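Chemist: Mind folding the following:
(one chain, ligands or ions: 1)
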Amino acid sequence: MTGLGWVGQVLTVEITGFAHGGLGVARHDGRVVFVRGALPDERVTARVVDDRKAAFCHAELVEVLTPSVHRIDPVCPAAAAGAGCCDLSFVTGSHGRELKSRALADQLRRIGGVDWEGVVEPIGSSDTDAPQVGWRTRVRLAVDADGRLGYHRHGSDEVIAQTDCAQPVAGLTDGLAGLGGLRPGTELVVSIDDAVGDAAPARQIVQIAAPSRGRGRQRRRPRTGPPRVIEGGPTTLRRVGERMWQVPVTGFWQAHRDAALVYSDVVTGWASTGAEVAVGWDLYGGVGVLAGALRDAGVAQVWTAEGDATATAVAVNSFADDSGVHPVTGSTETVVTGLPRPGVVVADPPRSGAGRAVVAAICAAGPDTVIHVGCDPAALARDLRLFAEHGYRVRDIRGFDAFPLTHHVEAIAVLNRDR
Ligand SMILES: C[S@@+](CC[C@H](N)C(=O)[O-])C[C@H]1O[C@@H](n2cnc3c(N)ncnc32)[C@H](O)[C@@H]1O
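Modeler: As a prediction, the model looks like this:
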């Protein structure tokens with residue numbers, strides 16, 4: 001079944017909506033047409049590239065015939081050259097957040113059954129019309145067949161040999177284009193320390209095997225081995241307030257320079273109920289950033305559950321002076337079965353969400369408060385629906401523009417158990 005034979009056709013359509021994933025939404029001959037790179041209120045031509053579903057198809061933008069008043073020249077040179085790094089760098093900052101608010105609300109309502117009328121809030125900048133640039137403290141670049149650095153085209157193995165992306169903080173990618181002797185098919189991870197005092201933050205560059213891309217048989221096995229340090233060391237310094245972590249350059253940390261602090265404040269605020277809480281869980285805890293936030297809320301003992309032993313080791317180090325944090329390595333599903341009953345649970349799963357088994361385990365443990373962090377609105381909405389099946393109701397949700405210039409959005413929900 002190859003669809004209705006629309007692939008290759010160039011359609012002229014009016015964009016009437018904006019969908020999760022950064023897609024303009026149009027209708028043509030009774031079918032929904034998703035157009036990447038098109039904005040609501042635009043009239044565009046677009047070539048159909050995927051026609052497999054009867055109800056909808058995907059098309060790539062050919063020409064904007066009538067531009068939105070919110071369309072601007074792309075602020076990201078790499079994206080303008082075709083890279084997939086900044087798929088919303090051609091829209092004003094405030095309108096970008098407006099579009100993400102709509103897409104988030106739509107997912108929460110349709111998948112989660114939750115009515116949300118909030119707005120996606122800026123992080124680390126005032127609510128301006130200018131798109132936010134220079135927010136990312138770690139970046140990953142690919143090496144093409146000729147040894148040149150760049151970013152992948154959206155959904156493709158092709159490397160656009162352009163290192164000038166608008167996301168990295170000042171100084172992060174300086175001089176990279178001049179690096180020679182890079183092995184084709186590898187990737188560079190470049191990170192810069194968080195500032196402490198007046199010292200200039202140090203930069204680290206490591207080279208790694210490229211993770212496999214593509215699907216099924218086309219998947220390439222990455223060559224394994226530890227990262228090769230090209231500049232600085234293998235770890236990068238991260239901080240939230242007075243807490244510090246030495247995180248592997250390739251390890252997880254929130255991408256936006258201010259995100260870990262903002263999320264920590266939200267978690268501390270929502271977990272501070274006024275009542276004494278003896279036990280908290282920080283599930284998918286990484287190096288324990290949100291465990292620290294629970295401690296700041298006055299939670300006496302906090303257990304983290306994290307699948308990556310290296311991250312747990314970082315947490316053990318960072319909380320060496322705090323006997324109230326207990327980092328545990330293992331899959332969340334397994335670890336939670338052996339933990340004491342919590343009064344509050346924070347869960348910050350990967351893009352796929354926590355899922356049925358973990359949500360059931362959390363609810364069976366009966367915490368009064370659950371704080372759920374989600375970087376994928378659809379997965380977050382799915383989890384919220386599962387919580388509702390167990391009698392947990394959403395009290396509040398905040399959306400954050402944690403990935404400016406892109407369609408991505410982060411949301412944090414707080415739920416309480418029905419009494
Ligand atoms: C979105 S990150 C959150 C990390 C941490 N909360 C933070 O803010 O830095 C998700 C974390 O979940 C971990 N992870 C993914 N799947 C897991 C699983 N099934 N069990 C435990 N940890 C898992 C990843 O290694 C990663 O550290």
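
Chemist: At which residues are the helices of the stretch 151-300 of the chain located?
Modeler: Secondary structure of the stretch 151-300 of the chain by DSSP state H, counting those that start in this stretch: the helices cover 259-271, 289-296.

Chemist: Just the residues contacting the helix or strand that the last one is followed by, thanks.
Modeler: The one in question is helix 289-296. Beyond helix 289-296 on the C-terminal side, the first helix or strand identified by DSSP states H and E is strand 301-306. Contact with strand 301-306 is made by 278-288, 291, 294-295, 312, 315, 324-332, 335-336, 339-340, as judged by C-beta atoms under 8 Å, 6 or more residues apart in numbering. In this view, the C-beta of every residue, glycine as well, is placed from N, C-alpha and C.

Chemist: Just the buried residues out of those, in ChimeraX syntax.
Modeler: Per 16 or more other C-beta atoms under 10 Å, the buried members of those correspond to this ChimeraX selection:
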select :279,280,281,282,283,284,285,286,287,288,291,294,295,312,315,325,326,327,328,329,332,335,336,339
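
Chemist: restrict the contacts of strand 301-306 to contacts with the ligand.
Modeler: Y284, G285, G286, S331, T332 (C-beta under 6 Å from any ligand atom).

Chemist: Could you report the pLDDT at the closest residue to the second one other than its chain neighbours?
Modeler: Which is G285. Nearest residue to G285, sequence neighbours excluded (C-beta to C-beta, 6 or more residues apart in numbering): T304, at 3.1 Å. pLDDT recorded at T304 is 98.

Chemist: Quick check: bridge partners of T304?
Modeler: Here T304 shows beta-bridge partners D282, P327, assigned using DSSP bridges.

Chemist: do R393 as well
Modeler: Beta bridges link R393 to N416, judged by DSSP bridges.

Chemist: So what's the residue count around it?
Modeler: When neighbours are defined as other C-beta atoms under 10 Å, R393 has 12 of them.

Chemist: Any residues of this structure in contact with the ligand? List them.
Modeler: So the chain meets the ligand at 252-254, 284-286, 289-290, 305-308, 311, 331-332, 348, 350 (C-beta under 6 Å from any ligand atom).

Chemist: What residues does the residue of the chain found nearest the ligand make contact with?
Modeler: When scored by C-beta to the nearest ligand atom, the chain has G286 as its residue closest to the ligand, at 2.9 Å. The neighbours of G286, taking C-beta under 8 Å, 6+ apart as the test, are G251, F252, W253, T304, E306, D308, A311, A315, D348.

Chemist: For the most centrally placed residue in the chain, give me phi and psi.
Modeler: Centre of the chain computed as the mean C-alpha position; nearest residue by C-alpha atoms, centre = their mean is C375, 4.6 Å away. In terms of degrees, to the nearest 10, the main-chain angles of C375 are phi -100, psi 0.

Chemist: how near is the nearest residue in space to G37 that is not next to it in sequence to S323?
Modeler: Once flanking residues are discounted, G37 sits nearest to L61: 4.0 Å by C-beta to C-beta, 6+ apart. Counting by C-beta to C-beta, to the nearest Å, the separation of L61 from S323 is 56 Å.

Chemist: ok, these two, which is more surrounded?
Modeler: L61 (16 against 8).

Chemist: right, and the helix or strand after the strand or helix carrying the more buried one?
Modeler: Using DSSP H and E, the element containing L61 is strand 56-66. Counting by DSSP H and E, the next helix or strand C-terminal to strand 56-66 is helix 77-80.

Chemist: what comes up buried for that following helix?
Modeler: Buried-residue list, helix 77-80, by 16+ other C-beta under 10 Å: A78, A79, A80.

Chemist: mean confidence score for that helix?
Modeler: 96.

Chemist: Now do the helix or strand following it, average pLDDT.
Modeler: Toward the C-terminus, helix 77-80 is succeeded by helix 93-110 as the next helix or strand (DSSP H and E). Mean per-residue pLDDT for helix 93-110: 96.

Chemist: what's in contact with helix 93-110?
Modeler: Outside helix 93-110, the residues touching it (C-beta under 8 Å, 6+ apart) are 17-21, 39-40, 68, 70, 88, 91, 114-122, 125, 127-132, 377-378, 380-381, 384, 397, 399, 401, 404-405, 407, 409, 411.

Chemist: my guess is E158 contacts Y151, does it?
Modeler: No: contact criterion C-beta atoms under 8 Å: E158 and Y151 do not qualify, at 10.0 Å.

Chemist: between these two, who's got more neighbours?
Modeler: Y151 (27 against 16).

Chemist: Give the full set of residues in contact with the more buried one.
Modeler: Neighbour list for Y151: A78, A83, G84, C85, L141, A142, V159, I160, Q162, C165 [criterion: C-beta under 8 Å, 6+ apart].

Chemist: ok, how many other residues are close to A55?
Modeler: A count of nearby residues for A55, using other C-beta under 10 Å, gives 7.

Chemist: Likewise for A357?
Modeler: Neighbours of A357 (other C-beta under 10 Å): 12.

Chemist: Mind listing what's buried along the one helix or strand it maps to?
Modeler: Using DSSP H and E, the element containing A357 is helix 355-365. For helix 355-365, the neighbour count (16+ other C-beta under 10 Å) marks V358, V359, A360, A361, I362, C363, A365 as buried.

Chemist: Residue ranges of each domain in this structure, please.
Modeler: The chain breaks down by automatic domain parsing into domains covering 10-69, 104-126+254-417, 138-240.

Chemist: Might one say that A59 is in contact with D51?
Modeler: No: between A59 and D51 there is no contact under C-beta under 8 Å: 9.3 Å.

Chemist: more neighbours, the two?
Modeler: A direct count of neighbours by other C-beta under 10 Å for A59 and D51 places A59 higher, at 29 against 20.

Chemist: What separation do you get for S125 and P404?
Modeler: S125 is 8 Å from P404, where distance means C-beta to C-beta.

Chemist: Common neighbours of the two, please.
Modeler: Common neighbours of S125 and P404 (C-beta under 8 Å, 6+ apart) are G93, Q132.

Chemist: Pick out whichever of these two has more residues nearby.
Modeler: Remark: of S125 and P404, P404 carries more neighbours, 27 against 16, as counted by other C-beta under 10 Å.

Chemist: Pick out the most distant pair among the ones next to the ligand among the contacts of strand 301-306.
Modeler: G286 and S331 (14.1 Å; C-beta to C-beta).
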